[in-house]
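1. Provided below are the primary sequence and the corresponding predicted coordinates.
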Amino acid sequence: MAEERVEKNKIVTFVYTITDENGEVLEQSDVPNDYLHDQDERMFPKVIQALEGHQVGDVVKVTLTPEEGFGHYDPSLTFSDDLKNVPKEYQRLGAEAEFRDDTGQAVTMRVMRIEDGRIELDGNPPFVDQTVVFIINILGIRDSTAQESGSGQPMEEPQTSKPTLH
């Protein structure tokens, strides 16, 4: 029997590493992640194209420019306020808070600066303005269910984490 290949309507299970252009690791996930190939909007289009036709055990490397990946810095995704207006648990560098924009989309903002009684948060992705290398190790491929195909995403399973990949 032929090995399953990555194609439309397949659930792909993978682990990944994101490096900078010099090979320095920026992020790594050894916890298996799933996505619905060619439908899941959380995956970068260039990565989807690169994975097409691959099999379990393949390692796929994809270089993403800012335009293809995490984008360019957007000053409208920053927020500044008086420190006294922010709950204590967020009054530290690196703290993260989730907000909803006008469309209801969740935006995670990180505390980047606390200075002179003011706090500055930034909602830009961590690798904004960077060319990165996405290294994907394919662990599994299976047919999607009708429910998964209809939703555009794999169904949640308790043992699998679901990071936002873009």
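-> Looks like it arrived, so ask away.

2. According to the record, where do the domains of the protein fall?
-> The chain is divided into the following domains under automatic domain parsing: 10-70+129-146, 81-122.

3. what about the longest one, start to end distance?
-> Think domain 10-70+129-146. End-to-end span of domain 10-70+129-146 (C-alpha to C-alpha, to the nearest Å): 11 Å.

4. what is the rounded mean pLDDT of that domain?
-> For domain 10-70+129-146, mean pLDDT rounds to 93.

5. could you pull out the helices for this structure?
-> 45-51, 146-151 (DSSP state H).

6. Show me the one of the ones you listed that comes nearest residue 113.
-> Minimum separation from residue 113 across the helices of the chain (C-beta to C-beta) falls at helix 45-51, 32.4 Å. All C-beta spots, glycine's among them, are computed from the backbone N, C-alpha and C.

7. ok, residues contacting that closest one?
-> 6, 12, 37-38, 60, 62, 64, 68-69, 134, 136, 138, 165 (C-beta atoms under 8 Å, 6 or more residues apart in numbering).

8. Tell me how far it lies from the chain's centre.
-> When distances are taken as C-alpha atoms, centre = their mean, to the nearest Å, helix 45-51 is centred 14 Å away from the chain's centroid.
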